[in-house]
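In: Provide a 3D model corresponding to the input given below.
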Amino acid sequence: MPVISSKRQITLPAEQCRQAGLAPGDEYESYVDNQGHITIVKKTMGAAKGLLKGIKTDKRVNEETSLQTGINP
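Out: As a prediction, the model looks like this:
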């Protein structure tokens, strides 16, 4: 059974890495839900391409104003 090292490093089992398509040097994001479960997601170039396509925006609010006022169009 894998354990957390004193440096908080975790070794993932090779079979899980193969199943997830993870290889040495891959970049990932990790998330913790409200029950303490950790999810690891491999970063993939272009995965978000087109994600915001078709989202309507308010042309009267620019990015700078939005950041300063907290407006979220």
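
In: Could you work out the end-to-end span of stretch 15-31 for me?
Out: 21 Å (Cα to Cα, to the nearest Å).

In: any idea of the mean pLDDT in that stretch?
Out: Stretch 15-31 comes out with an average pLDDT of 93.

In: where along this protein do the helices fall?
Out: 14-20, 63-69 (DSSP state H).

In: would you list the ones you listed in a markdown table and tack on mean neighbour count?
Out: From N, CA and C alone the C-beta is placed, and that goes for glycine too. Below are the helices of the chain laid out as a markdown table (neighbours: other Cβ atoms under 10 Å):
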| stretch | mean neighbour count |
| --- | --- |
| helix 14-20 | 11 |
| helix 63-69 | 10 |
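
In: In TSV, list these along with distance to L52.
Out: Shown next, in TSV, are the helices of the chain (distance: least, Cβ to Cβ, whole Å):
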stretch	distance to L52
helix 14-20	26
helix 63-69	13
